[in-house]
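In: Pasting the sequence and the predicted coordinates here, then a few questions.
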Amino acid sequence: MRGQYNPSHLAVLQDGVAAWNVWRAQRADVKPDLRAADLKKIDLHGANLRSADLYRANLWKANLSGTDLSDADLSSVTMNGADLRDANLSRANLRFARLVGANVANATFSGAHVYGCSVWNLIGAPKDQTDLVITPPSEAPIAVDNIEVAQFVYLLLTAPKIRNVVDTVGKKAVLILGRFTPERKVILNAIRDHLRARQYIPILFDFEVPATKDVHETVLTLAGLSRFIVADISDPKSIPQELTAVVPHRPSLVVVPLLQSGLEPWSMFSYIQRFPWVLPIREYTDLAALLRLFDEKVIEQAERKVVEQLSQPQIAVERLA
């Protein structure tokens, strides 16, 4: 059972980084004991915490920029909102640590142990995140090179239900694109309900929010998870930008465009239609007519095109001698 921190070590740290670093230089043989210490919002910029034992310490919103935390025990530590810019966490034990909202710009995580680490909404990109060990000590080590996907990879390896969910999403998810104005949302909701009744997993994304880089990236991500896309291009506004971003960069992802009678597609839709995985426009007079023919003209033809795209010849592989 681990105890509390060493009071004398904490007292030196509280004297400031300069005094602490001098003490570390003079006592190179001492492993700092700061277990469960309350260090929230502390300024430790540039501190030498190499090999320190910080198990269960509270470093909430602490300034750890430029800090040397290499080989440190940071297991079960709270570093939510901490500033880790330019920090060195090489080979650190980050098992069950919490880094939600931490700024990790230019930080080094190479060789760190990250099993159970919570890393939602990280800010910035690390300088080095190679060889992150995602397995617990009781298992053979498996390493990945991205801290934000580390735990997901571990779940894929160890949780059959997660693998089944990922597999199911890829086979059954349908992304629905269109304008979410009141009159158009009735159509999109009806499409969603119809797909759901046919055992698909409909994904609706509201384009009434301002179009930003994040929105575009979200649509690209959702498109990558989908079996095909149903795009209502009636009265378009944001959707041209999103289809222009998705279609050229997601080869073989089938798109079924819908258009209500009496309306015209936007002028550049001809560019989208050049891609062989975009089906001809399905024109409908009203919602009842759309739903009546949806299985035959949308789902069946989309599935047929998906199978056709998947059966395209594969790239030849040459075996190296």
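Out: Received the coordinates, thanks.
In: Every contact and neighbour count from this point should use C-alpha atoms.
Out: Fine.
In: what about the longest strand anywhere in the chain, average pLDDT?
Out: Longest strand of the chain, by residue count under DSSP state E: strand 254-260. Strand 254-260 carries an average pLDDT of 93.
In: which other residues reach the helix or strand that comes right after it?
Out: Proceeding N to C from strand 254-260, the next assigned helix or strand is helix 269-273, under DSSP states H and E. Helix 269-273 is contacted from outside by 240, 243-244, 247, 278-280, using C-alpha atoms under 8 Å, 6 or more residues apart in numbering.
In: tell me how far helix 269-273 is from the chain's mean position?
Out: Centroid displacement of helix 269-273 relative to its chain, using C-alpha atoms, centre = their mean, to the nearest Å, is 30 Å.
In: again, but for stretch 145-157
Out: Computed by C-alpha atoms, centre = their mean, the chain-centroid distance of stretch 145-157 equals 10 Å.
In: what about it, average pLDDT?
Out: Mean pLDDT, computed over stretch 145-157, is 84.
In: buried ones in it?
Out: 145-147, 150-151, 154 (16 or more other C-alpha atoms under 10 Å).
In: Closest to residue 76 out of the residues you listed?
Out: Minimum distance to residue 76 across these is 15.4 Å, recorded for residue 151 (C-alpha to C-alpha).
In: and that closest one, what helix or strand is that in?
Out: Residue 151 belongs to helix 150-158, assigned by DSSP H and E.
In: That helix - contacts with which helices or strands?
Out: Where contact means 3 or more C-alpha pairs under 8 Å, 6 or more residues apart in numbering; DSSP states H and E, helix 150-158 is packed against helix 160-172.
In: Heading C-terminal from the helix it packs on, find the next helix or strand.
Out: Per DSSP H and E, the first helix or strand lying C-terminal to helix 160-172 is strand 173-177.
In: Report the buried residues of the helix or strand that that following strand is followed by.
Out: For strand 173-177, the following helix or strand on the C-terminal side (DSSP H and E) is helix 182-197. By neighbour count on 16+ other C-alpha under 10 Å, the buried set for helix 182-197 is 187-188, 191-192, 194-196.
In: for stretch 244-251, same thing?
Out: 246-247.
In: Would you mind pulling the contact partners of it?
Out: Residues from elsewhere that reach stretch 244-251, judged by C-alpha under 8 Å, 6+ apart: 216, 219-220, 223-224, 253, 255, 272, 275, 277.
In: Closest one of those residues to residue 124?
Out: Taking C-alpha to C-alpha as the measure, residue 124 sits nearest to residue 216 out of the contacts of stretch 244-251, at 18.9 Å.
In: roughly how far apart are that closest one and residue 53?
Out: Per C-alpha to C-alpha, to the nearest Å, residue 216 is found 43 Å from residue 53.
In: Between those two, point out the one with more neighbours.
Out: Shown here are residue 216 and residue 53; by other C-alpha atoms under 10 Å, residue 53 has more neighbours (22 against 16).
In: next one: phi and psi at that one?
Out: Residue 53 adopts backbone torsions of phi -100, psi 100, taken as degrees, to the nearest 10.
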